[in-house]
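Engineer: This is a predicted model, with the sequence first.
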Amino acid sequence: MTQLDSITWFPQIVWLFIVFFTIYVLVYKAYGPVGFYSQNIRSKVIEKHYSSTVFYDFLNVDIMFKRFNVIVSNF
């Protein structure tokens, strides 16, 4: 059996690295920009949502504080 022959191990390992590296580069070049673009879009959407949530939360706290002051002043 050739796979158990220690003489053929080195060429098999070399071809393994060559094939793996080639497939890695092809996938990275073909699908990398799509993944980076969608990740960038998602991070912008999350950042926009978070900033609006913080803004509305600040408004809610401000409104609650004003209502509390009205209640306390009438008490």
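Structural biologist: Looks like it arrived, so ask away.

Engineer: pLDDT averaged over stretch 30-42 - what is it?
Structural biologist: Here stretch 30-42 scores 83 as its mean pLDDT.

Engineer: For that stretch, buried residues please.
Structural biologist: Across stretch 30-42, burial judged by 16 or more other C-beta atoms under 10 Å covers no residue at all. Backbone N, C-alpha and C define where each C-beta goes, glycine included.

Engineer: element containing V70, please.
Structural biologist: For V70, the element it lies in under DSSP states H and E is helix 9-74.

Engineer: how far does that helix sit from the chain's center?
Structural biologist: 5 Å (C-alpha atoms, centre = their mean, to the nearest Å).

Engineer: which helices and strands does it pack with?
Structural biologist: The contact analysis (3 or more C-beta pairs under 8 Å, 6 or more residues apart in numbering; DSSP states H and E) places helix 9-74 against no helix or strand.

Engineer: okay, now F75: neighbour count?
Structural biologist: 5 (other C-beta atoms under 10 Å).

Engineer: and if you look at I71?
Structural biologist: I71 has 9 nearby residues by other C-beta under 10 Å.

Engineer: ok, now which ones touch W9?
Structural biologist: Taking C-beta atoms under 8 Å, 6 or more residues apart in numbering as the contact definition, W9 lies against nothing.

Engineer: Against W15, how distant is it?
Structural biologist: The gap separating W9 from W15 is 11 Å, by C-beta to C-beta, to the nearest Å.

Engineer: and if you look at T8?
Structural biologist: Counting by C-beta to C-beta - T8 and W15 are separated by 10 Å.
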